[in-house]
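Undergrad: A predicted structure for the sequence below; I have some questions about it.
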Amino acid sequence: MDKHSLNPPEWAEPRRKSRVNKWKVFGAGILTVAAFHWLAPHCSHRHQHPHHHGRTTYPGEHVEWKPCGEISNRSVECSKIDVPIDQFHPDVSNKTFNVPIIRMRGKDGSKNILLNPGGPGGSGFEFLHRRGEQLSTIVGDGFHLVSFDPRGINSSSPRASCYPSKQARQQLGSVHDIDIVKDGAEIYAWTHNYVRACEDTMGEHGKYINTPQTAADMNSILDALGQKDMYYWGFSYGTLLGQTYATLFPERSRRVIIDGVVNQFLWYQARFDMEDLIDTENVMDGLLKECIKSGDACPLSSMADSWEGLKDKLLSFVGELKEQPMNVYVNNSVYGLLDYQKIWYGALFPVLYKPQFWGTFAERMAQLMGGNATEALMAYGLDDGEDSDALYTVSMNDGLSGPLHWPQDLDSLLDIVMPTFNRSVFAPDDLVYLFAKQQWRIPKTHNYVPRNGVETAHPLLILTTTYDPVCPLISARSAEAAFKDSKIVEVKGYGHCSVAVPSLCLAKHVRAFLYNGTMPANDTQCEVDGPYFKPNGTASVMSFEDPEDQAIHLAQMALASDPEWPRHV
């Protein structure tokens with residue numbers, strides 16, 4: 001790795017804060033205005049029939065629902081509830097958060113399973129509309145699928161935001177933040193303003209936007225649904241939420257699945273998660289190994305005789321872009337630059353999440369390295385960045401942030417963070433995050449402490465791939481130690497969360513767990529169904545004799561082919 005330096009390049013102009021690669025964030029789109037208007041006020045009436053305003057109640061529930069569309073011919077209904085600003089001290093204030101809820105109905109009489117797509121910052125509304133059909137196929141119609149916009153997120157209110165308006169964000173949200181040595185002084189000064197704006201914009205509500213409070217909000221949702229036991233499937237950051245819930249409320253944790261695991265001990269109790277990227281380069285190597293093994297099915301395979309040689313060529317090319325970005329002109333309204341940052345973090349790093357896109361990535365990179373940069377520019381070179389306020393707010397409020405845990409001068413910060421960049425060639429991905437963690441002003445209000453040996457109402461099911469680029473297998477092992485009798489089902493492959501690759505074996509473990517509580521006797525491995533690179537002329541999906549197995553495989557293929565979830569922002 002030494003022969004091709006991968007230090008970040010210089011930038012000539014200020015830009016938006018970095019796209020946040022650091023955390024396992026679901027790239028939730030902005031909730032549409034139409035979806036927002038589907039939300040109905042919370043009410044505690046209890047009836048079995050529709051009201052004259054089109055709202056419906058069900059026996060045993062304490063919430064009214066309003067129709068908000070259909071997914072795969074199954075009705076979708078929406079509601080919202082108010083939760084205390086501080087769930088653990090509800091009498092200290094009469095202020096609340098408003099939490100929207102969405103449900104895709106299964107058979108009448110079904111239990112509700114809560115879903116969290118990841119984040120922090122993922123919208124349950126967007127998630128269910130986007131992938132409810134596939135998840136219901138995998139889970140079956142014996143469950144109502146329920147999701148929600150967590151406190152501070154998307155259509156919940158008040159929102160986690162550090163700017164009073166979109167205009168203010170556009171005017172104030174730019175900073176040089178590529179090279180920590182060259183840009184450190186500017187980021188340091190800019191972040192002082194940013195964290196003060198976060199504190200002022202969110203006011204009293206800001207300090208209660210954290211994961212333990214959201215975990216308690218899930219009990220409020222269960223109570224509104226008239227359900228005692230928690231059935232839950234959380235992905236990526238959703239595994240942190242699931243672990244937090246199961247530790248705080250073990251007696252209600254009846255069926256908890258965590259998929260693509262965050263190490264909760266490091267999230268809450270360490271300055272850095274030093275294991276999050278431990279397998280990232282292994283996934284990159286896996287991409288190159290599978291490419292060479294696949295021959296002509298991978299457009300990059302002709303560039304080298306071995307995966308090591310292909311890696312050298314790729315690193316050399318990226319290193320050249322660091323020294324001299326490539327200008328690409330399509331027409332007078334479409335042109336731009338392709339540089340190290342856009343290829344390394346904007347192209348390669350995201351594709352490690354989803355092997356279904358390895359073929360497309362290889363084709364674009366083969367064209368780019370051969371001199372044709374149009375496709376690469378259109379895919380990777382025209383991104384304007386995204387809002388990361390919710391991610392910052394939740395993660396800062398959860399962990400070791402601010403002057404109690406960090407020295408406040410620039411030199412001391414550099415002394416602490418610079419060595420952490422050596423843990424991975426993908427490490428220096430979001431510098432503003434580090435400076436915000438040092439300077440965060442909103443006080444921590446929770447006292448949650450992770451612990452080992454938690455005995456839940458039923459053991460947890462832990463899902464993972466062998467090589468996850470941001471939530472490694474070692475983090476799944478930490479969760480297994482934390483929860484008594486929990487078991488791991490490992491898909492022997494690459495990608496972020498089990499949904500990164502199709503595996504009928506894994507889906508059957510999920511169903512057996514949810515319906516019957518069936519646990520693997522020991523930690524179990526499942527194979528990936530199908531190759532990573534498909535030769536031209538071959539079927540894009542596998543065939544199964546059982547129609548239900550075929551439907552599950554098609555649903556898994558759709559999840560594995562979703563470029564937006566789960567992903568980094």
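TA: Looks like it came in fine. Numbers count the residues shown, from 1 in each chain.

Undergrad: C-alpha from now on. contacts and neighbour counts both.
TA: Fine.

Undergrad: ok, residue 254 to residue 334 distance?
TA: Separation of residue 254 from residue 334 (CA to CA, to the nearest Å): 53 Å.

Undergrad: of those two, which one has the most company?
TA: A count of neighbours by other CA atoms under 10 Å puts residue 254 above the other of residue 254 and residue 334, at 20 against 12.

Undergrad: okay, the more buried one: pLDDT?
TA: Looking at residue 254, its pLDDT reads 98.

Undergrad: need the strands for the chain, in chain order.
TA: Along the chain, counting by DSSP state E, strands occupy 15-16, 66-71, 74-84, 96-104, 111-116, 143-148, 174-175, 230-235, 253-259, 326-331, 334-338, 461-467, 487-494, 524-526.

Undergrad: quick one: those as a markdown table, columns for distance to residue 134 too.
TA: Below are those laid out as a markdown table (distance: least, CA to CA, whole Å):
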| stretch | distance to residue 134 |
| --- | --- |
| strand 15-16 | 35 |
| strand 66-71 | 10 |
| strand 74-84 | 12 |
| strand 96-104 | 12 |
| strand 111-116 | 13 |
| strand 143-148 | 11 |
| strand 174-175 | 38 |
| strand 230-235 | 14 |
| strand 253-259 | 16 |
| strand 326-331 | 38 |
| strand 334-338 | 35 |
| strand 461-467 | 18 |
| strand 487-494 | 19 |
| strand 524-526 | 20 |
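
Undergrad: just say which of those is most tucked in.
TA: Among the strands of the chain, strand 461-467 has the highest mean neighbour count (mean count of other CA atoms under 10 Å), at a mean of 28.

Undergrad: who does it touch, helix- and strand-wise?
TA: Counting by 3 or more CA pairs under 8 Å, 6 or more residues apart in numbering; DSSP states H and E, the packing neighbours recorded for strand 461-467 are strand 253-259, helix 280-294, helix 473-482, strand 487-494.

Undergrad: so which of these gets nearest residue 456?
TA: Residue 456 sits nearest to strand 253-259 of all the helices and strands packed on strand 461-467, at 5.8 Å, using CA to CA.

Undergrad: hang on, the earlier thing: redo the helices and strands packed on strand 461-467 as TSV? Include distance to residue 534.
TA: Converted to TSV, these look like this (distance: least, CA to CA, whole Å):
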stretch	distance to residue 534
strand 253-259	26
helix 280-294	8
helix 473-482	27
strand 487-494	16
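
Undergrad: restricting to C-alpha, output whichever helix in the chain runs longest in PDB.
TA: Under DSSP state H, the helix in the chain containing the largest number of residues is helix 180-202. Extracted as PDB, the C-alpha positions of helix 180-202 are listed here (Å, rounded to 0.1, in the frame of the first residue of the first chain):
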ATOM      1  CA  ILE A 180      -7.000  17.900   8.000                       C
ATOM      2  CA  VAL A 181      -3.500  19.500   8.000                       C
ATOM      3  CA  LYS A 182      -4.100  22.200   5.400                       C
ATOM      4  CA  ASP A 183      -7.800  22.800   6.200                       C
ATOM      5  CA  GLY A 184      -7.800  22.100   9.900                       C
ATOM      6  CA  ALA A 185      -7.600  25.700  11.100                       C
ATOM      7  CA  GLU A 186     -10.600  26.600   8.800                       C
ATOM      8  CA  ILE A 187     -12.700  23.600   9.900                       C
ATOM      9  CA  TYR A 188     -11.800  24.300  13.500                       C
ATOM     10  CA  ALA A 189     -13.100  27.900  13.300                       C
ATOM     11  CA  TRP A 190     -16.100  27.100  11.100                       C
ATOM     12  CA  THR A 191     -17.200  24.300  13.400                       C
ATOM     13  CA  HIS A 192     -17.300  26.700  16.400                       C
ATOM     14  CA  ASN A 193     -20.100  28.600  14.600                       C
ATOM     15  CA  TYR A 194     -21.800  25.400  13.400                       C
ATOM     16  CA  VAL A 195     -22.200  23.800  16.800                       C
ATOM     17  CA  ARG A 196     -23.500  27.100  18.300                       C
ATOM     18  CA  ALA A 197     -26.000  27.200  15.400                       C
ATOM     19  CA  CYS A 198     -27.100  23.600  16.200                       C
ATOM     20  CA  GLU A 199     -27.600  24.500  19.900                       C
ATOM     21  CA  ASP A 200     -29.600  27.700  19.100                       C
ATOM     22  CA  THR A 201     -31.700  26.300  16.300                       C
ATOM     23  CA  MET A 202     -32.900  23.200  18.200                       C
END
